[in-house]
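Q: Below are the sequence and a predicted model for it; my questions follow.
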Amino acid sequence: MLDLESILKIERGSRKAMMASVGREGHVCGICHIGQDAINSRLDLEDMGIRKNLHLKRDENSYSVPQAPYVMNKAQKISFCGFLGSVKFPDGYASNLSTCVSVDGCNLQGLKTHDCHILLQRILPAAVRGIMRKDIYEAIAELGNFFQQLCAKTIKVDVMHRMKEQIPIILCKLEKIFPPSFFDVMLHLTVHLPDEAILRG
């Protein structure tokens, strides 16, 4: 059975996978193609025959990497980081994100584990709304809501049964957006969390 610490580890793994798939850990949403959306990941898509719009474009002596829909352009990155830097929290709720965000460099540094949970559950869905495509925003928001319900002080059994039905659909939505390398074991463990929450009470 999973305890709260295990749930938080899975949530942290999900957040790390999401941030790494769109850019390097610490860099926001595709500053560089280091991470889980690298050339090997694009070659895997080609081998599987899926998402032709993301396949590498071959010139005579080089490759060009088409921009993925979940990667932000420079203006979007600045807007995203500006939003994160402007968020204010009550004392003791979370760290002051403005000290962790560099708008010029578009990176996040010095986040505590609790800040990562707040980022995934509450801030990331609001931050990408209007910046990313609707299907991407909705999938991220639904994943954040899933963890928010799971980590609530009071867990209702009927809500957990509903979340149990919804999490495979959320993962399917994410599979349509992100490359296969995004999906590690930690992300797939989310399917079992509602059952574990019901068993633990």
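A: Arrived safely, thanks for sending. Numbering: from 1, shown residues only.
Q: For the rest of this, base every contact and every neighbour count on C-alpha atoms.
A: Fine.
Q: Specify the local secondary structure of residue 105.
A: State at residue 105, reduced to three classes by DSSP: H, G, I helix; E, B strand; the rest coil: coil.
Q: Use 556 as the first number from now on
A: OK, 556 is where the count begins now, so the last one is residue 660.
Q: and it, how far is that from residue 697?
A: The spacing between residue 660 and residue 697, counted by Cα to Cα, to the nearest Å, is 29 Å.
Q: And the strands in the chain, which stretches?
A: Taking DSSP state E to define them, one finds strands in the chain at 612-613, 618-619, 656-657, 662-663.
Q: most tightly surrounded among those strands?
A: Most buried of the strands of the chain, by mean neighbour count (mean count of other Cα atoms under 10 Å): strand 656-657, with a mean of 22.
Q: Paired strands for that strand, with orientation please.
A: Here strand 656-657 is paired, per DSSP bridges, with strand 662-663 (antiparallel).
Q: Excluding chain neighbours, what is closest to residue 637?
A: Of all residues beyond its chain neighbours, the one nearest residue 637 is residue 658 (6.0 Å), with distances taken as Cα to Cα, 6 or more residues apart in numbering.
Q: what's near enough to touch that neighbour?
A: Under the criterion of Cα atoms under 8 Å, 6 or more residues apart in numbering, the neighbours of residue 658 are 633, 636-637, 640.
Q: just for the protein, where's the confidence low?
A: 556-592, 756 (pLDDT under 70).
Q: Give me the buried positions along the lengthiest helix in the chain.
A: Determined from DSSP state H, the single longest helix within the chain is helix 712-732. Residues of helix 712-732 classed as buried: 715, 718-719, 721-722, 725-726, 728-729, 732 (neighbour count, 16 or more other Cα atoms under 10 Å).
Q: The residues you listed into TSV, with extra columns for distance to residue 686?
A: Below are the buried residues of helix 712-732 laid out as TSV (distance: Cα to Cα, whole Å):
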residue	distance to residue 686
715	31
718	27
719	29
721	25
722	24
725	20
726	21
728	18
729	17
732	15
